[in-house]
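Q: The following comprises the amino acid sequence and a computationally predicted model.
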Amino acid sequence: MNETDLYRPIEKYFIDKGYIVKGEVKSCDIVALKDEELIVVEMKLSINLTLILQAIERQKVADYVYIATPKLPKNLQKRRKIITLIKRLNLGLFIIKNHKVEEIVSPFEEYNFYNNKSKRNKIKKEVLTRKNNINIGGTNKTKIITAYREQALFIAYVLLKYGNLAPKEVKKITKIEKSSNILYTNFYNFYTRVSHGVYSISNNGKNYLEKIISEYSELKEIFENLIKENGGLE
């Protein structure tokens, strides 16, 4: 079993409760957001000090923090001590077994002692901005598609679909407010400026886009649906 195997049951658990759920958000394994309530889940195959410290750190930004693991120690005395520690630290505990989530410990009601509001707001913004749900909590960091990367890829997709476009046309199709800045900065080298104020997709952008869509076919569907919702380029 890998840490990533724990993700889908937890994702479903919170989605069924009406939360928006994203994996790998600002170093958090899983973030669940509903209205103003923000929950973070940190996962490990076994409970250790690293996991506990990660969870405590997440309490600075979240309303509730859970740790998730597939099993507790077989030794009953050790198991009781771990549960006692988790309760005293005001953390929650999920056990993932047979693809189902069992809540062993619940955090206290409304303690809300988070003190890093800036990071908390960044996490919320990332969750709400990111359209894809590709990232699996506990996965390799190099595979993460952040909201910014997703927007850059969406712009590349639009350029591939429509050809050379001005930033205002890209903004009209994508509804990305910072599309001009993303094109100008060209952080991932996805674009080429063909003339003053006109951009096209670069060879690097085309190759990367084809690779990522072949790996995550749902991304193309997301982009096409967004174009349709936004009215395309009339």
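A: Yep, it's here.
Q: I'd like to know which elements whatever helix or strand Val127 lives in is packed against.
A: Element membership of Val127 [criterion: DSSP states H and E] is helix 117-129. If you count contacts as 3 or more CB pairs under 8 Å, 6 or more residues apart in numbering; DSSP states H and E, helix 117-129 packs onto strand 20-25, strand 28-34, strand 37-43, helix 147-162. To be clear about C-beta, it is placed using only N, CA and C from the backbone, and glycine gets the same treatment.
Q: who touches the nearest residue to Val158 once chain neighbours are set aside in this structure?
A: Nearest residue to Val158 in three dimensions, chain neighbours excluded: Ile173, at 5.2 Å (CB to CB, 6 or more residues apart in numbering). Applying CB atoms under 8 Å, 6 or more residues apart in numbering to Ile173 gives the contacts 158, 162, 165, 227, 230, 232-233.
Q: In a helix, Ile173, correct?
A: Yes: per DSSP: H, G, I helix; E, B strand; the rest coil, Ile173 lies within a helix segment.
Q: Give me the residues contacting stretch 86-93.
A: 52, 55-56, 59, 64-69, 83, 103-108, 111.
Q: Just read off the phi/psi values of the residue lying farthest from the centre of the chain.
A: No residue in the chain sits farther from the centre than Gln77, which is 36.6 Å out by CA atoms, centre = their mean. Backbone torsions for Gln77, taken as degrees, to the nearest 10, come to phi -70, psi -40.
Q: Thr192 versus that one, what's the distance?
A: For Gln77, the distance to Thr192 equals 65 Å [CB to CB, to the nearest Å].
Q: do the same with Ile67
A: On the measure of CB to CB, Ile67 and Thr192 end up 46 Å apart.
Q: got the contact list for Gln29?
A: You called it Gln, but residue 29 is Asp. By CB under 8 Å, 6+ apart, the neighbours of Asp29 are 3, 7, 23, 40-43, 137-138.
Q: can I get the helices and strands packed on helix 117-129 in CSV with distance to Glu177?
A: Shown next, in CSV, are those (distance: least, CB to CB, whole Å):
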stretch, distance to Glu177
strand 20-25, 20
strand 28-34, 21
strand 37-43, 23
helix 147-162, 10
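Q: Figure out which of the ones you listed is closest to Asn115.
A: Nearest to Asn115, of all those, is strand 37-43, at 13.8 Å by CB to CB.
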